[in-house]
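Got a predicted structure here, sequence first:
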Amino acid sequence: MATETLATPATLSDTQTRVFKNFIDGEWVESSSGETFEDRNPADTREVVGIFQKSSKADVDAAVAAAKRAFTKWRLVPAPRRAEIVFRAAEILIERKQDHARDMTREMGKVLAETRGDVQEAIDAAYYNAGEGRRMFGPTTPSEMPNKFAMAVRQPIGVCGMITPWNFPMAISSWKLLPAVVCGNTCVIKPAQDTPLSTFNLVRALVDAGLPKGVINIVTGFGAEVGTPLAEHRDVRAISLTGSSAVGRIVGGIAAQSFKHCSLELGGKNPMIVLDDANLDLAIEGGLWGGFGTTGQRCTATSRIIVQKGVYREFVERYVDRAKKLKVGNGLDETVQMGPAINQKQLETDLSYVEIGRAEGAKLLTGGHRLDKGEYQYGWFMEPTVFSEVAPKMRIAQEEVFGPVVSIIPCDGLEDAIDIANDIEYGLSSSIYTKDVNKAFSAMRDLDAGITYINAPTIGAEVHLPFGGTKATGNGHREGGIGAIDFYTEWKSVYVDYSDKLQKAQIDRPE
Ligand code: UN1
């Protein structure tokens, strides 16, 4: 076993088990209880990817105290200088991209092409936010009084807490950490217990790029023992969670008690509409990528495909035929198209929805089984699964599965499709395939979701645009782009009176 320190090279051989401590105030420290947990490969659970600290409130307290101390200095570092560190981290991540992708495939199962994409998304976020360090614009505006100057400036908030998911373990950590530090905040992050390594890899790049100690602290562990105390902590002034709507409700409630800024990115049940005039080849390709990419484990996954009756039979037949041919396996094999579920619990949830769909009367056209023979025997694999004849109100059409289970729903036309698409508790992503520009624009306006794609599936967001959704998908904030800068700054309005006399706003005016 090798114990990680900052001096350790970015990667060790795949066969070595690495022990990771918490990263607090620039030091690697054990959890106060001394307990640890294992991060295992979901494609081959015999492999321990790393051993991580099972932390508790005392560790959170130490990390928040470190972040609070670091804030006193970091907030005074000019934003362009802070941003230069983030820029350098991007260049380091480029050098380490292949290794980090490999680490990520081993810890969470998605195929290498996708884990490279995940690291790339962190690189993109680093370049974007590095640029923001030289903008951070605020308005100047005329005062209503003479000889008085008015402006609004962005200020950092203080210590920010982040709770991140396992499906985009580096990308989503980067969406939160990078704008936060460019804005002058300091951070305590609790990565998902299934994928802490990818967050360490991201933070290591920032530290190697020159990030001062205490600016980012990592505390690993579980929701109740680490996430809750982080959300509750009085010195944490902002909390950002990506997770399920159920957890979002809890974290949002806790955050409200101490009036924290709170950004919630939660569930989705994303519709892809296919109209009669669609390019079917393209729609089938897109629906496969959106439905089974990342094993369906994206909040933006294309989990409902709403198809107009004129092309319904052909779409279903060809889609199912292609789904059957998807190669499932260990994502380290470049020919594999779909990896395992993240863990046993998720696999059980996925399989339970197969039973739910069957019992509701939907038609199971392919899949539905666990794969556990031969090469699959040590992993959490499942067949790509497609239901047709799904009615819009069935549970498999309404509830987020977070697995490779796609529901195909027939519809009469655009209006009907949009009604079905919107009649759901979530509103993250949405898409429509049509060649009719009028219909495309109507859908852009009427789909009740934070993201709409035209002639592309529901996945594939880029980091410089707002990411987030409506209804139970969140609480109105957006990650990505300027939305994140808005979240991680506090506006301060500044009035400079150079008249040398008391001027009374709203009162000193000609009547
Ligand atoms: C997620 O769906 O959980 O838009 C995040 C995408 C990725 C991010 C997805 N860039 O598909």
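Cool, got the structure.

so where do the helices sit in the stretch 251-400 of the chain?
Applying DSSP state H, counting those that start in this stretch to the stretch 251-400 of the chain gives helices spanning 280-292, 309-325, 344-360, 395-398.

Sort out which residues of the last one are buried, please.
Using 16 or more other C-beta atoms under 10 Å as the burial criterion, the residues of helix 395-398 that qualify are 396-397. (Each C-beta comes from the backbone N, C-alpha and C, glycine too.)

What helices and strands are in contact with that helix?
Judged by 3 or more C-beta pairs under 8 Å, 6 or more residues apart in numbering; DSSP states H and E, helix 395-398 is in contact with helix 344-360, strand 405-411.

now for the helices of the stretch 251-400 of the chain, which one comes closest to Glu375?
Proximity to Glu375, assessed across the helices of the stretch 251-400 of the chain by C-beta to C-beta, is greatest for helix 344-360 (16.2 Å).

Outline the domain layout of this protein.
57-266+474-492, 271-454 (automatic domain parsing).

Would you mind pulling up the elements that the helix or strand in which Lys176 is found packs against?
In this assignment (DSSP states H and E), Lys176 forms part of helix 171-182. For helix 171-182, the contact count by 3+ C-beta pairs under 8 Å, 6+ apart identifies helix 79-108, helix 112-132, strand 159-163, strand 186-190, helix 196-208, strand 236-242, helix 481-487 as packing neighbours.

is the ligand contacted by the third one?
No. Contact of strand 159-163 with the ligand (C-beta under 6 Å from any ligand atom) is absent, the minimum separation being 14.0 Å.

hmm, who's touching that strand?
By C-beta atoms under 8 Å, 6 or more residues apart in numbering, the residues outside strand 159-163 that reach it are 64, 67-68, 71, 173, 176-177, 180, 185-190, 223, 227, 230-231, 233, 235-243, 251, 488.

Ok, stretch 56-71 next?
Contacts with stretch 56-71, where a contact means C-beta under 8 Å, 6+ apart, come from 22, 24-25, 29, 31-33, 53, 156, 158-159, 161, 185-188, 212-215, 217-219, 221, 225-226, 229-230, 233, 235-236.

Same check on stretch 73-86?
The contact list for stretch 73-86 (C-beta under 8 Å, 6+ apart) reads 126, 129-134, 136, 155-156, 178, 181-186, 206, 209-212, 214-215.

interface residues of the chain facing the ligand?
The chain comes close to the ligand at residues 121, 167-168, 298-300, 459-461, as judged by C-beta under 6 Å from any ligand atom.

Out of the helices and strands packed on helix 395-398, which one sits most buried?
Most buried of these by mean neighbour count (mean count of other C-beta atoms under 10 Å) is strand 405-411; its value is a mean of 26.

Touching that one from outside, list them.
Outside strand 405-411, the residues touching it (C-beta under 8 Å, 6+ apart) are 273, 287, 291-292, 296, 302-309, 312, 315-316, 319, 323, 350, 353-354, 357, 362, 367, 384-392, 394, 396-397, 417, 420.

And the buried ones among the residues you listed, selectable in ChimeraX?
Only the buried entries of the contacts of strand 405-411 go into this ChimeraX selection, using 16+ other C-beta under 10 Å:
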select :273,287,291,292,296,302,303,304,305,306,307,308,312,315,316,319,323,350,353,354,357,362,367,384,385,386,387,388,389,390,392,394,396,397,417,420
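
Can you get me a residue count around Tyr495?
The number of residues packed near Tyr495 is 12, by other C-beta atoms under 10 Å.

tell me the secondary structure for it?
Tyr495 falls in the strand class when you classify it by DSSP: H, G, I helix; E, B strand; the rest coil.

Excluding chain neighbours, what is closest to it?
Distances taken as C-beta to C-beta, 6 or more residues apart in numbering put Ala150 closest to Tyr495, at 5.4 Å, once the chain neighbours are dropped.

got the angle between the helix or strand containing the one you found and helix 79-108?
Ala150 is part of strand 148-156 when elements are defined by DSSP H and E. Put simply, strand 148-156 runs at 30 degrees to helix 79-108, going by axes from the mean of the first three to the mean of the last three C-alpha atoms, to 10 degrees.

If we go by neighbour counts, what in strand 148-156 is buried?
When burial is assessed from 16+ other C-beta under 10 Å, strand 148-156 yields the following buried residues: 150, 154-156.

can you tell me the distance between the two ends of stretch 108-116?
For stretch 108-116, the first-to-last residue distance is 13 Å (C-alpha to C-alpha, to the nearest Å).

Can you list the neighbours in contact with it?
Contacts for stretch 108-116 (C-beta under 8 Å, 6+ apart): 41-43, 97-98, 100-102, 104-105, 118, 166-167, 169, 194-195, 198, 293-295, 297, 331-332, 334, 336-342, 379-380.

if we go to 7 Å?
By C-beta atoms under 7 Å, 6 or more residues apart in numbering, the residues outside stretch 108-116 that reach it are 42-43, 97, 101, 104-105, 166, 169, 194-195, 293-295, 331-332, 334, 336-337, 339-340, 342.

if you average pLDDT over it, what comes out?
On average, the pLDDT along stretch 108-116 is 98.

And stretch 86-102, how far out from the chain middle?
With C-alpha atoms, centre = their mean, to the nearest Å as the basis, stretch 86-102 stands 19 Å off its chain's centre.

Check stretch 406-424 too.
Worked out by C-alpha atoms, centre = their mean, stretch 406-424 lies 26 Å from the chain centre.
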